[in-house]
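**Q** below are the sequence and a predicted model for it; my questions follow.
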Amino acid sequence: MNISLRDPNIVMKLSRLGSFHQSKLSFLRSFLKEFKDWEYKRDLFELNEHGYGTAVYSFKKKNRVYSLICYANELNEDERSDRVIATKWDTAFTLFDGVPTKHDIERLQNEVPKQEFGRLSFKELALSRANKSVRVFNHVVESLSKGVQPDRELLDKVGYLYRTTAVYGSGKFGLADRFRIKDRKEIYGPFRLEMMLVYLVRQFTFDQVNHVAKNKNPKKAVKLDPEICRNLGIGNSTGLGMAPFIVNHPTLLNNWISARETSLKKIREIKNISNEEVELFLDCLKKSIKNITSWNTESEYQITKIKSLLTDLNKFIMHLDKEFNFKQDFAFNEMYLHLEKNYCEECIEYVVSMMMEPFDDIVTPLIQEMSSEEEKYFNIPTERTVADLKAILENKYSEILNIDFSKKENNLNFWFISKNKEEP
C-alpha cells in the first residue's frame, strides 16, 4: 500500500502545529540517543560557599571532546532581568570545542559573562546565560541544608531551578561558523550542540544547589533526590526569538515537518505489526497518561486543550482494548483513519508521536534529514517572472489568498524589533 503524505493545508494549520507533542524526532531525545555512550565528566568545580565561581563539564568519545564552561556570578536583586537588554545574569556558559586550558578559562571569563558585548573565537561553539528562579533555588537550598527534600508540589509546578534567557550558536559574536563542524556525524542532527549545552547546564544547577546547601550546613545537608532531579529541566524565559527564526529559516521548518510526516506515512504503510511492537506502543500510550496529568499551566486555553486530550485519549485507549484488531493488515493506518474521524487534533497528534516509539528503524534515518544546507535553496532565480511567483502562491499557498486584510482582526498584530530595547 502506498499512502500519501498528509495534506499541508491540514498539517500546517496553527491549531494542528500547536498540537504536536515530543517524539523520537525531538531535538533533545535524538541528542540523548546519539550521546548515550559518550563518557560524561565533571572536570572542574571551583565554587565558593555561596555557589559563585567556575565549573567545567565534558562529553568525550575517542579523540572528540566537548566541554561546557560555566561562570556563576554574584548578582544583586535589582540587576536580575530576563529582558534581552539585560547586561548581567546569575550564570553564563559557553560550549568549548575540546578541552579548555587554564588560559582558555581565564580568557573566556572576561568575555562569556558579557554575552553580546564579549568576543568569542572559533573554539567556542555555543553561548548562553541563565537566571535563577530565586524563590525555588533558595527553597531547595534551605530544605537540603536541613536534611530534608524540598516541596515536590512547588518544584513540579515551576519545573526548574534556572531559566535560560538566550542560547546562541553558529557564528554569533565570534562563535564557530557552522561550516567548521557540520560534517561531524554526532552533531549532524538538529540543534545537537545547543541541546548539549542546555543538558549540561541542567546538571550544573543540581551540583550548584547541592554545593550551596552542603556549605550552609555541612553536618546535616543532603543531596537533591535523583527522582526529583529527573522531573526538573531548564526553564525558558520567553522564546520570542523562535517566531522570527522560523520565518527566516523556512527550509529547516520544512525538514522538521517532513521528517514527522514521512515517519507517519511509513508507519501507516506497515502491513503486519509484531506483538512486540504492539505491546511497546500500548505501554508507552498508557503510561503517558500519568505524565499528561502532571502538566501545569495557567493558560485557560491550554487547560481546556489538556482536558480534551485526556478525555479523548482515555476513550481511544478503551477503543483499542475492547474493539481494535492489531492483527488486521495495515493496522496503524486503520487506527489513524479512526483517529481523524473521532478525536480532537490534540489527541490525533499525540497518538502520532506515540506511533513512532516502536519503529526506531524508520525514525532514526529521518533525524539525519532534519538539518538543512540553506545556501543551496536561496540563490534567487532571476529568470523567473512575477507571473511564476503568482502561480506558486495560487497553487501551493492558496490559504494566504483567502485572508481578508480589509478586516481589522487580520491587521491587528505584526512583528517588529524595538530599536531601544532590541526585543521582537
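**A** Sure thing, it's come through.
**Q** stretch 167-182: end-to-end distance?
**A** Distance across stretch 167-182, first residue to last, is 18 Å (CA to CA, to the nearest Å).
**Q** state the mean pLDDT of that stretch.
**A** On average, the pLDDT along stretch 167-182 is 90.
**Q** let's number from 56 now, not from 1
**A** Sure, I'll start counting at 56 from here, so that last one is stretch 222-237.
**Q** which outside residues touch that stretch?
**A** With contacts defined as CB atoms under 8 Å, 6 or more residues apart in numbering, stretch 222-237 is touched by 152, 170-171, 173-183, 242-243, 248-249, 252-253, 426. Where you see a C-beta, it was placed from the backbone N, CA and C, and this is true even at glycine.
**Q** ok, the residue nearest to Phe172 when sequence neighbours are not counted to Thr440 distance?
**A** Spatial nearest neighbour of Phe172, chain neighbours left out: Thr142 (7.5 Å); criterion: CB to CB, 6 or more residues apart in numbering. Noted for Thr142: a distance of 49 Å to Thr440, by CB to CB, to the nearest Å.
**Q** again, but for Glu179
**A** Using CB to CB, Glu179 is found at 45 Å from Thr440.
**Q** which of those two has more neighbours?
**A** Using other CB atoms under 10 Å as the criterion, Glu179 and Thr440 rank with Glu179 on top: 26 against 8.
**Q** regarding the protein, what is its longest helix?
**A** When the chain is parsed with DSSP state H, its longest helix is helix 247-271.
**Q** mind listing what's buried along the helix or strand just after that one?
**A** Using DSSP states H and E, the next helix or strand after helix 247-271 towards the C-terminus is helix 281-285. Buried residues in helix 281-285, defined by neighbour count with 16 or more other CB atoms under 10 Å: Cys284.
**Q** who are the packing partners of helix 281-285?
**A** Using 3 or more CB pairs under 8 Å, 6 or more residues apart in numbering; DSSP states H and E, no helix or strand is in contact with helix 281-285.
**Q** so for that helix, mean pLDDT?
**A** For helix 281-285, mean pLDDT rounds to 96.
**Q** what's the next secondary structure element after that helix?
**A** Remark: after helix 281-285, the chain's next helix or strand is strand 288-291, criterion DSSP H and E.
**Q** quick one: the residue nearest to Phe172 and Leu444, what's the gap?
**A** As for Thr142, its distance to Leu444 is 44 Å (criterion: CB to CB).
**Q** same check on His304?
**A** In terms of CB to CB, His304 sits 20 Å off from Leu444.
**Q** neighbour count: those two, which is higher?
**A** His304 (14 against 10).
**Q** what's near enough to touch that one?
**A** 427, 429.
**Q** now His76
**A** 404-405, 408.
**Q** just checking, Glu395 touches Cys402?
**A** No. Between Glu395 and Cys402 there is no contact under CB atoms under 8 Å: 10.3 Å.
**Q** more neighbours, the two?
**A** Remark: of Glu395 and Cys402, Cys402 carries more neighbours, 22 against 11, as counted by other CB under 10 Å.
**Q** these two touch, right, the more buried one and Ser363?
**A** Yes. The pair Cys402 / Ser363 is scored as a contact, 7.3 Å apart, by CB under 8 Å.
**Q** which stretches of the stretch 306-455 of the chain form helices?
**A** For the stretch 306-455 of the chain, the helices defined by DSSP state H, counting those that start in this stretch occupy 330-348, 355-377, 386-397, 400-410, 415-422, 441-451, 453-456.
**Q** any idea which of these scores lowest on pLDDT?
**A** Among those, helix 453-456 carries the lowest mean pLDDT, at a mean of 85.
**Q** from the chain's centroid, how far away is the least confident helix or strand in the chain by mean pLDDT?
**A** Lowest mean confidence among the helices and strands of the chain (mean pLDDT, DSSP states H and E): helix 297-303, at a mean of 81. Remark: helix 297-303 is offset 15 Å from the chain centroid, using CA atoms, centre = their mean, to the nearest Å.
**Q** buried stuff in that helix?
**A** The neighbour-count check on helix 297-303 (16+ other CB under 10 Å) flags nothing as buried.
**Q** how about the residue nearest to Cys125 when sequence neighbours are not counted, what does it touch?
**A** Nearest in space to Cys125, with sequence neighbours left out and distances taken as CB to CB, 6+ apart, is Ala110 at 4.3 Å. With contact taken as CB under 8 Å, 6+ apart, Ala110 is in contact with 97, 99-102, 124-125, 127, 259, 262-263.
**Q** keep only those of the contacts of stretch 222-237 that are in strands.
**A** 152, 179-183 (DSSP state E).
**Q** just the buried residues out of those residues, in ChimeraX syntax.
**A** Buried subset of the ones in strands among the contacts of stretch 222-237, written as a ChimeraX selection, criterion 16+ other CB under 10 Å:
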select :152,179,180,181,182,183
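**Q** please identify which of the ones in strands among the contacts of stretch 222-237 is nearest to His158.
**A** Glu179 (13.9 Å; CB to CB).
**Q** quick check: Lys269 touching Ala276?
**A** Yes. The criterion here is CB under 8 Å, and Lys269 meets it with Ala276 at 4.6 Å.
**Q** what do these two both touch?
**A** Jointly contacting Lys269 and Ala276 under the rule CB under 8 Å, 6+ apart are 199-200.
**Q** related to what we said a few turns ago, I'd assumed the residue nearest to Cys125 was in a strand, is it?
**A** Yes. With DSSP: H, G, I helix; E, B strand; the rest coil as the criterion, Ala110 is located in a strand.
**Q** what bridges to it?
**A** With DSSP bridges as the criterion, Ala110 is bridged to Phe100, Cys125.
**Q** quick check, pLDDT for it.
**A** If you check Ala110, the pLDDT there is 98.
**Q** ok, it to Asn270 distance?
**A** 15 Å.
**Q** over to Glu129?
**A** According to CB to CB, Glu129 stands 15 Å off from Asn270.
**Q** higher neighbour count, those two?
**A** Shown here are Glu129 and Asn270; by other CB under 10 Å, Asn270 has more neighbours (16 against 11).
**Q** can you tell me the closest non-neighbouring residue to the more buried one?
**A** Of all residues not flanking Asn270 in the chain, Glu104 sits nearest, at 3.9 Å (CB to CB, 6+ apart).
**Q** what is the neighbour count of the one you found?
**A** As a burial measure, Glu104 scores 12 neighbours (other CB under 10 Å).
**Q** does it count as helix, strand or coil?
**A** coil.
**Q** spit out the contact partners of it.
**A** Residues in contact with Glu104 (CB under 8 Å, 6+ apart) are 267, 270-271.
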